[in-house]
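**Q** Predicted model and sequence below, questions to follow.
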Amino acid sequence: MGMHGTSTAERVLQKILVPICVGSGAIVVAGFFFPDIVGEVVSGQGWLVISLLFFGGGLTYMAVLPSKDDTEQSSGMHYLIRIRRMGALDTIRDFVTRHDPITFGIPVAGLVVFFFLQLLAPGPTTGAVETVQTVVMHRFGPLFVGVMLLSVLFCLYLLFGSLGDVRLGGPDAEPAYSYSVYFTMFFTAGIAAGIVFWGPAAGLFHYGTVPPFFDVAPQSDAAVGAALTTTLFHWGFSAWSAYIVIGVPIAYFVYQRGAPLRVSALLTPFLGVDGLDSYWCRFVDMLAVFATVGGIATSVSLVGQQFLTGINYQWGVPFDSVGSVLFVAGLTLIFVISAQSGVHRGIRRLSVVNILLFVLFGVLLLALVPRSFVAREGTAALGSYVVNFVPMSLTLGGDWIATWTVFNWSWWFSWAPFAGLFLAALSRGRKIRTVVFTGFVATAAATMVWFILMGATSLYVQHRGIADVLGVIDAAGGSEAVAGYPVFDALPLSELLIFLFLGLIIAFIATSADTSTLVVSILASRQRLAPTTGTIVFMGVFQGIVAVGVLVTGSSEVLQTAAVLTGGPFAVIALVAVGGLLKAFRGEGGEYLPLHDRVQALLDERGVTLFPERPDLTEEKLGDEKGD
């Protein structure tokens, strides 16, 4: 198992991708900065094809490059995350026997039936989904609000409690990757392209229609701060905590109890390791597969609209269903090749490229935006976020809360199985405290910095009348996809910003889709069997087909809603997971020290004395405090 060398197909790709990427890149760069000259040669959907060849070709080339130390680097990863290489005949012969009929067959069949119903009876299908959504978002809103707040409190408990000292895999376990790579892979997988899709748009929507929590006039000076505060609330610590309450219990039971690497490992304290093949466990894994495939497919369709909108904005190329299908096909090829190359090659490398491009774009944007406005409004919004966090977290009722807050919390919980499982797979050798700091603190901080920078810039352009971004959105039928382009057009070096933004769109969705492909392939395989290249290719192509189906049937919102509704069960499962983890830890003799005792212990260890000594605070109770 694992990745050893490269296949013949990958070696062929290495040879042909370099000239393709260089040639298409030259045309794209020339098209951005010399549009009058190049526009006479390339026009129409040719720009879409050439742009995909450039951005996709570069990412794909990175994924298929050989690596000399795959075996060494893979040693710290769970064996199920390493892909089994099988010949074509063996893959076909063993395809059925290697897959679980429930976790593999039911989600595939269910999504096929969904699209048939959407084609044959779109009205009743849409109406049924919307009815269920209304009931869930309004009737069960308090559930999502309560569980999300408890998730934040649980993360704080893990950061400061004794459970945070546990090293996953045992005291001698070593991480597979450096901390920077570990953070990069999880951040880029968990945030997906939502960070670029909603970055320019979220604040503008809350600026135009101010949340009821803030009693201020729409599009006023005070509405700017209210809009930024609300955006931070929906994308900050609460959102990322949903991944922790699923991911940490999975990691604990996998590495401390020997449970298989599956979402259903959460049920270990109730069923035991030997009972994890029950129908309840397979039902949990099946829900995770459906939520992941549905969520990724709708994300692909949404960012496809954003990418095509950018092509249209830059070159005036109208996009239709053919262009949308071309985009999805090209993107599917990228993330399938990346996923089948393994974590150490494709997934790791694309994540690193993604984060470098993300930082480059952020630095460039910071140099071009009105920094005094961004600093002033961003600081005020952070302060407001801290002060109002608890009351905002407890606000219930009303259509706005159901449409925005509850929907957001449900969306994050629906992604939690996929992101949580991947976090668990990467976390062997890390202390739980480090896992929580990475997946709860560092990721939320990076996300909020982006939304302050991008959101404040959008609000500045709109509020100062430099560009009517809300008017552009209304003219586009309310589509959020167009929001960023008039903002960039109002700044210096607009062509360069749009160019890098298009690259970010491709990079972010590719780094989430390749990871989701690996995760659903693990869940679709029978327990304790590593996914094969055949499974990876099938599940990746299937996600692409679902995305095409979304575009062809116009059911992106319906499928997104259906996928988001799985957040309800996983919000309940999160409560079960937290209770089970605490039960298991206490059963193994884990003790909880009060926060002031732990602070005193950490200070004593560093020779700092702020409180009187506690003679009862022994080394045995403190545990090993050495960092990762």
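**A** Good, I have the coordinates.
**Q** would you list every one of the helices in the stretch 351-500 of the chain?
**A** In chain order, the stretch 351-500 of the chain shows helices spanning 371-393, 399-400, 407-426, 432-436, 443-463, 469-475, 484-489, 494-524, with DSSP state H, counting those that start in this stretch as the criterion.
**Q** and the third one, how far from the chain's centre?
**A** Centroid displacement of helix 407-426 relative to its chain, using CA atoms, centre = their mean, to the nearest Å, is 8 Å.
**Q** Please apply the same query to the shortest one.
**A** Between the mean C-alpha location of helix 399-400 and the chain-wide mean there is a distance of 25 Å, by CA atoms, centre = their mean.
**Q** can you list contacts of it?
**A** T209, P211, P212 (CB atoms under 8 Å, 6 or more residues apart in numbering). Just so you know, the C-beta spots here come from the backbone N, C-alpha and C atoms, and that holds for glycine as well.
**Q** okay if I get those as CSV plus secondary structure?
**A** CSV is the format used below for the contacts of helix 399-400 (DSSP: H, G, I helix; E, B strand; the rest coil):
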residue, secondary structure
T209, coil
P211, coil
P212, coil
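**Q** Between these, which sits nearest A192?
**A** For A192, the nearest member of the contacts of helix 399-400 is P211. The distance, counting by CB to CB, is 23.9 Å.
**Q** So which residues of the stretch 1-150 of the chain form helices?
**A** Here the stretch 1-150 of the chain has its helices, by DSSP H, counting those that start in this stretch, at 8-33, 35-38, 46-64, 70-74, 88-94, 106-120, 122-139, 141-160.
**Q** ranking those by burial, who's on top?
**A** For those, the stretch with the most neighbours on average is helix 46-64, a mean of 22; neighbours defined as mean count of other CB atoms under 10 Å.
**Q** which one of the contacts of helix 399-400 sits closest to S180?
**A** P211 (36.1 Å).
**Q** show me what contacts the closest residue to that closest one other than its chain neighbours?
**A** Spatial nearest neighbour of P211, excluding adjacent residues (CB to CB, 6 or more residues apart in numbering): T230 at 5.1 Å. When contacts are counted by CB under 8 Å, 6+ apart, T230 touches A202, G203, H206, P211, F213, F214, W404.
**Q** Tell me the secondary structure of T230, please.
**A** Remark: T230 carries the secondary structure label helix [criterion: three-state DSSP].
**Q** low pLDDT regions in the protein?
**A** Within the chain, the set of residues satisfying pLDDT under 70 comprises 1-7, 35-45, 68-81, 84-88, 90-91, 556, 588-628.
**Q** Identify, by residue count, the longest helix of it.
**A** Scanning the chain for the helix with the most residues, using DSSP state H, yields helix 279-315.
**Q** Could you list the buried residues of it?
**A** For helix 279-315, the neighbour count (16 or more other CB atoms under 10 Å) marks 281-282, 284-315 as buried.
**Q** any idea of the angle that helix forms with helix 494-524?
**A** Interaxial angle of helix 279-315 relative to helix 494-524 (axes from the mean of the first three to the mean of the last three CA atoms, to 10 degrees): 160 degrees.
**Q** and helix 279-315, how far from the chain's centre?
**A** Distance, stretch centre to chain centre, for helix 279-315: 11 Å (CA atoms, centre = their mean).
**Q** contacting residues for the nearest residue to T553 once chain neighbours are set aside?
**A** If you skip the residues right next to it in sequence, T553 has Q118 as its closest partner in space, 4.7 Å away by CB to CB, 6+ apart. Shown here is Q118, whose contacts under the criterion CB under 8 Å, 6+ apart are T125, T126, G549, T553, S555, V558.
**Q** helix/strand/coil for A530?
**A** The three-state assignment at A530 reads coil, by three-state DSSP.
**Q** Excluding covalently adjacent residues, which one is nearest to the residue nearest the centre of the chain?
**A** The structure's the chain has its C-alpha centroid closest to G190; by CA atoms, centre = their mean the separation is 2.3 Å. Closest residue to G190 apart from its sequence neighbours, by CB to CB, 6+ apart: A419 at 4.2 Å.
**Q** check contacts around the one you found.
**A** When contacts are counted by CB under 8 Å, 6+ apart, A419 touches F186, A189, G190, Y243, I246, G247.
**Q** Was I right to think the third one contacts W240?
**A** Yes. With contacts defined as CB atoms under 8 Å, G190 counts as touching W240 at a distance of 7.4 Å.
**Q** shared neighbours of the two, anything?
**A** G439, T443.
**Q** Tell me how many other residues crowd A445.
**A** 13 (other CB atoms under 10 Å).
**Q** measure it to T268 for me?
**A** Computed as CB to CB, to the nearest Å, the A445 to T268 distance reads 32 Å.
**Q** still on that earlier bit, top of the contacts of T230 by neighbour count?
**A** G203 leads these on contacts (other CB under 10 Å) with 31 neighbours.
**Q** Kindly format the C-alpha coordinates of stretch 511-530 as PDB.
**A** What follows is stretch 511-530, C-alpha atoms only, in PDB (Å, rounded to 0.1, in the frame of the first residue of the first chain):
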ATOM      1  CA  THR A 511      -7.900  21.000  -2.600                       C
ATOM      2  CA  SER A 512     -11.200  20.300  -1.000                       C
ATOM      3  CA  ALA A 513     -12.500  18.000  -3.700                       C
ATOM      4  CA  ASP A 514      -9.400  15.800  -3.800                       C
ATOM      5  CA  THR A 515      -9.600  15.400   0.000                       C
ATOM      6  CA  SER A 516     -13.300  14.700  -0.100                       C
ATOM      7  CA  THR A 517     -12.700  12.100  -2.800                       C
ATOM      8  CA  LEU A 518     -10.200  10.300  -0.600                       C
ATOM      9  CA  VAL A 519     -12.500  10.500   2.400                       C
ATOM     10  CA  VAL A 520     -15.700   9.200   0.700                       C
ATOM     11  CA  SER A 521     -13.500   6.400  -0.900                       C
ATOM     12  CA  ILE A 522     -12.500   5.300   2.600                       C
ATOM     13  CA  LEU A 523     -16.100   5.300   3.800                       C
ATOM     14  CA  ALA A 524     -17.400   3.600   0.700                       C
ATOM     15  CA  SER A 525     -14.900   0.700   1.100                       C
ATOM     16  CA  ARG A 526     -15.500  -2.100   3.500                       C
ATOM     17  CA  GLN A 527     -14.100  -1.700   7.000                       C
ATOM     18  CA  ARG A 528     -10.300  -2.000   7.300                       C
ATOM     19  CA  LEU A 529      -9.800  -2.000   3.600                       C
ATOM     20  CA  ALA A 530      -7.800   0.800   2.100                       C
END
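**Q** Contact partners for T457?
**A** Contact analysis of T457 by CB under 8 Å, 6+ apart lists P200, L365, V369, P370, V374, V487, L491.
**Q** Which members of these define the maximum pairwise distance?
**A** The most widely separated members of the contacts of T457, counting by CB to CB, are P200 and P370 (15.2 Å).
**Q** Have a look at these two and say which one is more surrounded.
**A** P200 (28 against 16).
**Q** Just confirm the more buried one is within a strand.
**A** No. Using three-state DSSP, the assignment for P200 is coil, not a strand.
**Q** so what's it up against?
**A** Contacts here follow CB under 8 Å, 6+ apart; on that basis P200 touches M454, G455, T457, S458, V469, A483, G484, V487.
**Q** shouldn't the second one be in contact with F205?
**A** Read it as G455. No. G455 lies out of contact with F205 (CB under 8 Å); the separation is 10.5 Å.
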